[in-house]
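In: Below is the sequence, then the predicted model.
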Amino acid sequence: MSTKPLNPQHRVVGGRAVVNRDWIREFTGASVGTAARWYKVRNEQPKEHRHPEKERIDGTDFYDEQQFRAFYAWFQQDKASKVLKADPELYELNPADIVSINKAAALLNFNGPSVIRKYRRDNPEYFPVSVGEVEGPTGRMIPGFRVGDLQDFDRKRTGDKLGKAGRRPGPQDEAPVGRPSALEEVLAAELSARDGGEPLTATQLAEQYVAEAIERDGYHPGLAAELSVQYGGPQRSWEYVVRNTLEHRPAAAPARSEADRRAAIALAALRERGDVRGLAASLAREHGGSPDVWSRAVNAARRLTDPTT
């Protein structure tokens, strides 16, 4: 599909410089949806940094250039301030030390080691390379990372990284308008890991996860809650995605067995907490049932996870 070329315009009206939407897109590299979003939510922005109002000139919308530059400077600073912060402990460690993939994820405040595995599998140049293996919490050998490499990675994280989010660079037609959703925030790592592939929105990726879960295990009332634990984000956001997915899949797969349900819960716990000692006993206390039953569920979940973890 061909993309309509930009037609940036810059004028001086009454001694003020004004610019059109295409000028803004060329100046910032923003998509048509992002540029529209900035204007749409202007009343939610701080008054002193607010996106300028539009002025209709010769049938085209123009914006005060000085005000837009002030808004964009604030926007960049605000975006950078929202980058995931590393645990201060990361910079207290010796750069030459080697830590496990589980510890690396905790130091970087990721949801779990699965985030690092996705980076290494789908976007290998983005995240540092493992320098070997170390003993994990259960005695198994798991990937290890040099602390100095993790520190370098953290220093390079900027607000611009959030802009990848699985979308192709440059203008995009029919881009979503509105503030980044809770799902966009929690799925940022998965979307970024897919950068360079077929572009997806956070909702489309979430619908894929829901469809895969229904295909594998069948629909059940607790599905949204399990997906919220597994991937993060508010349960009500996942409930919305589940409802939309079911509308397009009226013949959902049969409900899964109780053993499969426990295995799914154990899998979500493994991804959230890591393969910690006493996990089966904790799940038994939280969900009822004997530790032996949950031990089998944890073992089944382990077989579904990456063997390196």
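Out: Everything's here; your move.
In: Show the low-confidence segments of this structure, by residue range.
Out: Of all residues in the chain, those with pLDDT under 70 make up the ranges 1-3, 80-84, 158-186, 188-200, 248-257, 304-309.
In: which residues in it form strands?
Out: With DSSP state E applied, the chain shows strands at 10-13, 16-20, 54-57, 60-64, 98-100, 132-135, 141-146, listed in chain order.
In: Need those in TSV (columns: distance to Tyr72).
Out: The C-beta positions use only the backbone N, C-alpha and C, and glycine is treated the same way. Shown next, in TSV, are those (distance: least, C-beta to C-beta, whole Å):
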stretch	distance to Tyr72
strand 10-13	15
strand 16-20	11
strand 54-57	16
strand 60-64	11
strand 98-100	38
strand 132-135	44
strand 141-146	36
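In: between those strands, which one is nearest to Arg157?
Out: Within the strands of the chain, the stretch nearest Arg157 is strand 141-146; the backing value is 15.4 Å (C-beta to C-beta).
In: distance between the closest one and the chain's centre?
Out: 24 Å (C-alpha atoms, centre = their mean, to the nearest Å).
In: Where do the helices of the stretch 1-150 of the chain begin and end?
Out: With DSSP state H, counting those that start in this stretch applied, the stretch 1-150 of the chain shows helices at 21-28, 32-40, 65-81, 101-107, 113-122, 147-156, listed in chain order.
In: How many residues are close by the residue nearest to Gly112 when sequence neighbours are not counted?
Out: Taking C-beta to C-beta, 6 or more residues apart in numbering, and ignoring the residues beside it in sequence, Gly112 has Arg271 as its nearest neighbour in space, at 5.1 Å. Residue neighbour count, defined by other C-beta atoms under 10 Å, stands at 20 for Arg271.
In: Likewise for Ala263?
Out: If we define neighbours as other C-beta under 10 Å, then Ala263 has 23 of them.
In: so how far is Leu270 from the residue nearest to it when sequence neighbours are not counted?
Out: If you skip the residues right next to it in sequence, Ala263 has Ala300 as its closest partner in space, 4.2 Å away by C-beta to C-beta, 6+ apart. In this structure, Ala300 and Leu270 are 11 Å apart, going by C-beta to C-beta, to the nearest Å.
In: Just want to know which of those two has more residues nearby.
Out: Neighbour totals were compared for Ala300 and Leu270, and Leu270 leads with 22 against 16 (other C-beta under 10 Å).
In: For that one, which non-adjacent residue is closest in space?
Out: Leaving aside its sequence neighbours, Leu270 sits nearest to Ala301 (C-beta to C-beta, 6+ apart; 5.3 Å).
In: what about the one you found, distance to Ala264?
Out: To Ala264, Ala301 is 8 Å away according to C-beta to C-beta.
In: Neighbour count: these two, which is higher?
Out: The residue with more neighbours, out of Ala301 and Ala264, is Ala264; 25 against 22, by other C-beta under 10 Å.
In: Quick check, that one in contact with Glu226.
Out: Yes. The pair Ala264 and Glu226 qualifies as a contact (C-beta atoms under 8 Å) at a distance of 5.9 Å.
In: which residues do those two both contact?
Out: Among the neighbours of Ala264, those also in contact with Glu226 (C-beta atoms under 8 Å, 6 or more residues apart in numbering) are Ala213.
In: For the residue nearest to Leu270, give me its contacts.
Out: Shown in contact with Ala301 (C-beta under 8 Å, 6+ apart): 263-264, 266-267, 269-270.
In: same thing but 6 Å
Out: Contact partners of Ala301, counting by C-beta atoms under 6 Å, 6 or more residues apart in numbering, are 263, 266-267, 270.
In: Restricted to helices, list the residues you listed.
Out: 263, 266-267, 270 (DSSP state H).
In: With distance to Trp74 as added columns, please give those residues in TSV.
Out: Listed next are the ones in helices among the contacts of Ala301 as TSV, based on distance: C-beta to C-beta, whole Å:
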residue	distance to Trp74
Ala263	48
Ala266	45
Leu267	42
Leu270	41
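In: Sort out which one of these lies nearest Met141 for me.
Out: Proximity of the ones in helices among the contacts of Ala301 to Met141 (C-beta to C-beta) peaks at Leu270, which lies at 17.0 Å.
In: what's the spacing between the closest one and Val210?
Out: In this view, Leu270 and Val210 are 20 Å apart by C-beta to C-beta.
In: Next: Ala73.
Out: Between Ala73 and Val210 the computed distance is 39 Å (C-beta to C-beta).
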